[in-house]
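Fold the following, please.
(one chain, ligands or ions: 2)
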Amino acid sequence: MRRVGILTSGGDAPGMNMAVRAATLIAAQRGIEVVGIERGYEGLLDRSWRALTRKAEGGLAPTHEVDVCGHLGGSILGSARCKAFYTAEGRARGAEALRELDGLVVIGGNGSLTGAHALATEHGAKVVGIPASIDNDIGCTASAIGVDSALNTIVEACDRISDTARAHRRAFVVEVMGRQSGYLCMASAIAAGADAALYREDGRDEDAIVGSVADLIRRSFEADRGKQRVLVIKAEGVEVPCTRLVRRLTEVLEPELGEVSIRATVLGHLVRGGNPSFLDRMIAGRFALAAIDALAAGATDEMVAWQSPLPGGIATPDRSVTRWPLAAVLEETEKLLDGRSPVTQARVAMMQRVSGVLSI
Ligand SMILES: Nc1ncnc2c1ncn2[C@@H]1O[C@H](COP(=O)(O)OP(=O)(O)OP(=O)(O)O)[C@@H](O)[C@H]1O
Ligand SMILES: O=P(O)(O)OC[C@H]1O[C@](O)(CO)[C@@H](O)[C@@H]1O
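Numbering: from 1, shown residues only. Ligands and ions are numbered 1, 2, ... in the order given. So this is what the prediction gives:
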């Protein structure tokens, strides 16, 4: 293997740069040139790429840009959602560009990995995926790069919101990202000591949500409870917008409680930015090593996974990292999102077991 490409695609995730850096250092040490493809699949289609390795005494070394990027959030390569890649013609152009490379590392979420799978199956490209998305909605891996950093940011934001909520004896509904996955909501609700978690996988409709949250606030603010704040974390995948939820709650509660103070905060893209946590940096580094090893061994159409919650996968020298065929990853991803996966069922069951604490 003489030259590999690397790209970041989909929503950026803290730790992507660490994966780029680690993959480049490992490849350079083995005398493999690395090119960084800019803006995900967009850069593959228009051949926008730049060298991430340079000639150095005795072989190759990472460029300065790569050497110093590991601790940074975002992606030094840029990321994108590339419309043309959804078409067979677009992917054919991508495959044509890949002829100039001996392999490709795709760092991204389940959409990006679907694109990687198509490149491998339709065009025989040599592609290995590294899961990276704050949503934690990728099958066969316990975590994707970015999840831990996003959770740390959410928990810190909720701690801050709780300070002001207690000062005013308020209820807050905080919305977190995650697209169709409630994982960020569920995990942060536990860690932030929230009173309730609202996630799509629960299957509640809007009226049921309004009824149960109103009941929670009513019980929490009863005169003798002494409770100073109510914190409800809502997943983006729950379709009722925060502002409407707060308006409806206020309409229900004001006639009974008099003035009731409920506020909404949508954390949004705030959660995607910032330097990666230790855990994300470590996972990213170990993924990068396994991905370069896999390409060097001639593997393709695979993804590397962290402490897979499913039995199976191809073992690597790192006991926490296994390799999975992308077809299996994408099948499991579908089940993760539609509730058929034992992983989703276990997440929901865990939330139900603490439903007395997380009151609804
Ligand atoms: N079905 C598909 N076929 C081919 N390419 C795809 C497909 N789905 C997604 N892609 C490519 O991957 C890109 C990123 O996908 P998407 O926008 O779904 O984000 P993602 O990788 O899932 O990341 P995130 O989880 O952060 O949103 C798309 O813009 C497109 O270029
Ligand atoms: O940055 P964009 O394109 O608005 O996408 C937002 C989406 O991307 C994610 O941050 C990552 O998939 C989701 O949680 C969110 O729904």
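
Contact partners for the closest residue to residue 305 other than its chain neighbours?
Spatially, and ignoring its direct neighbours in sequence, residue 305 is nearest to residue 141 (3.7 Å; C-beta to C-beta, 6 or more residues apart in numbering). (Glycine included, C-beta is placed from N, CA and C.) Residue 141 makes contacts with 131, 303, 305-309, 324, 329, as judged by C-beta atoms under 8 Å, 6 or more residues apart in numbering.

Could I get the pLDDT score of the residue in the stretch 101-250 of the chain positioned nearest to ligand 2?
In the stretch 101-250 of the chain, no residue comes nearer to ligand 2 than residue 177, which is 3.3 Å away by C-beta to the nearest ligand atom. In this model, residue 177 is scored at 98, pLDDT.

for residue 224, same thing?
The predicted local confidence for residue 224 comes out at a pLDDT of 69.

for residue 145, phi and psi?
Phi and psi for residue 145, reported as degrees, to the nearest 10, are phi -60, psi 130.

Surely it touches residue 282?
No - at 10.2 Å, residue 145 does not count as touching residue 282 under the criterion of C-beta atoms under 8 Å.

Tell me which of the two has more neighbours.
Neighbours per residue (other C-beta atoms under 10 Å) separate residue 145 from residue 282, with residue 145 holding more: 32 against 16.

For the more buried one, which residues are in contact?
Neighbour list for residue 145: 13-16, 18-19, 107, 130-133, 276, 280, 283-284, 287 [criterion: C-beta under 8 Å, 6+ apart].

filter those residues down to the ones near ligand 1?
When contact is defined as C-beta under 6 Å from any ligand atom, these meet ligand 1 at residue 133.

Identify those among the contacts of residue 145 that sit within helices.
Applying DSSP state H to those, the entries found in helices are 16, 18-19, 280, 283-284, 287.

What helix or strand is residue 61 located in?
When elements are assigned from DSSP states H and E, residue 61 belongs to strand 59-62.

Kindly report the same for residue 246.
Going by DSSP H and E, residue 246 is part of helix 242-257.

Buried residues in that helix, which are they?
Residues of helix 242-257 classed as buried by neighbour count (16 or more other C-beta atoms under 10 Å): 242, 245-246, 248-250, 252-253.

packing partners for that helix?
When contacts are defined as 3 or more C-beta pairs under 8 Å, 6 or more residues apart in numbering; DSSP states H and E, helix 242-257 sits against strand 171-176, helix 206-220, strand 262-266.

of all those, which lies closest to ligand 1?
Taking C-beta to the nearest ligand atom as the criterion, ligand 1 comes closest to strand 171-176 out of the helices and strands packed on helix 242-257, the separation being 14.1 Å.

distance between that closest one and the chain's centre?
Between the mean C-alpha location of strand 171-176 and the chain-wide mean there is a distance of 20 Å, by C-alpha atoms, centre = their mean, to the nearest Å.

tell me the phi and psi of residue 305?
The phi/psi pair for residue 305 (degrees, to the nearest 10) is phi -130, psi 150.

Pull the number of nearby residues for it.
Taking other C-beta under 10 Å as the neighbour definition, residue 305 ends up with a count of 31.

contacting residues around it?
So, once contact is read as C-beta under 8 Å, 6+ apart, residue 305 ends up touching 131, 140-142, 313, 321-324, 329.

switch to 6 Å and redo it
With contact set as C-beta atoms under 6 Å, 6 or more residues apart in numbering, residue 305 has these partners: 140-141, 322, 324.

Mind putting those into a markdown table with secondary structure, pLDDT and distance to residue 33?
Listed next are those as a markdown table, based on DSSP: H, G, I helix; E, B strand; the rest coil; pLDDT from 0 to 100; distance: C-beta to C-beta, whole Å:
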| residue | secondary structure | pLDDT | distance to residue 33 |
| --- | --- | --- | --- |
| 140 | coil | 98 | 30 |
| 141 | coil | 98 | 28 |
| 322 | strand | 98 | 28 |
| 324 | strand | 98 | 27 |
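
Which of these sits closest to ligand 1?
When the contacts of residue 305 are compared for distance to ligand 1, the smallest value, 12.7 Å, is given by residue 141; criterion: C-beta to the nearest ligand atom.

how close does residue 53 get to residue 37?
14 Å (C-beta to C-beta, to the nearest Å).

what do you get for residue 3?
Taking C-beta to C-beta as the criterion, residue 3 is separated from residue 37 by 12 Å.
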